[in-house]
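# Kindly return the folded structure for what I paste below:
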Amino acid sequence: MGYVYAAAWFLVAVVLFVRFRKEGKIIIPISIYFLFLGGWWLANEFVEADLLHGTYAWILRGISVAVIAVCGIFYYLKRRKDKSN
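Numbers count the residues shown, from 1 in each chain. So this is what the prediction gives:
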């Protein structure tokens with residue numbers, strides 16, 4: 001089942017990058033993050049360590065929080081810039 005999740009993350013990344021990259025520069029790092037998620041889920045299927053539980057899950061959560069925070073800040077700054085114009 002992990003292969004399906006990995007494929008879904010890769011598909012989301014490709015769709016975001018191909019269809020929405022002209023909407024704003026924030027789409028590129030979000031697409032890269034979804035590629036990372038697809039790689040994480042795919043690696044979880046291939047390695048003996050369970051990458052979705054324990055210490056590895058906390059690493060994934062930390063990376064996710066950092067990406068969400070950075071994207072949220074960029075989104076907020078862009079919205080504020082657009083309102084002032």
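
# what's the spacing between the residue positioned nearest the centre of the chain and Glu48?
For the chain, Tyr33 is the residue whose C-alpha lies nearest the centre (CA atoms, centre = their mean; 2.7 Å). Separation of Tyr33 from Glu48 (CB to CB, to the nearest Å): 25 Å. The C-beta positions use only the backbone N, C-alpha and C, and glycine is treated the same way.

# picking up where we left off before, just name whatever secondary elements the helix or strand in which the residue nearest to the centre of the chain is found is in contact with.
According to DSSP states H and E, Tyr33 maps onto helix 27-46. The helices and strands touching helix 27-46, judged by 3 or more CB pairs under 8 Å, 6 or more residues apart in numbering; DSSP states H and E, are helix 2-20, helix 55-84.

# Mean pLDDT for those helices - can I get that in TSV?
Putting those into TSV (pLDDT from 0 to 100) gives the following:
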stretch	mean pLDDT
helix 2-20	91
helix 55-84	92
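
# looking at those, which is buried most?
Comparing those by mean neighbour count (mean count of other CB atoms under 10 Å), helix 2-20 comes out on top with a mean of 15.

# what's in contact with that helix?
27-28, 30-35, 37-39, 41-42, 44-45 (CB atoms under 8 Å, 6 or more residues apart in numbering).

# and what of stretch 39-58?
Residues contacting stretch 39-58 (CB under 8 Å, 6+ apart): 2-3, 5-6, 9, 60.
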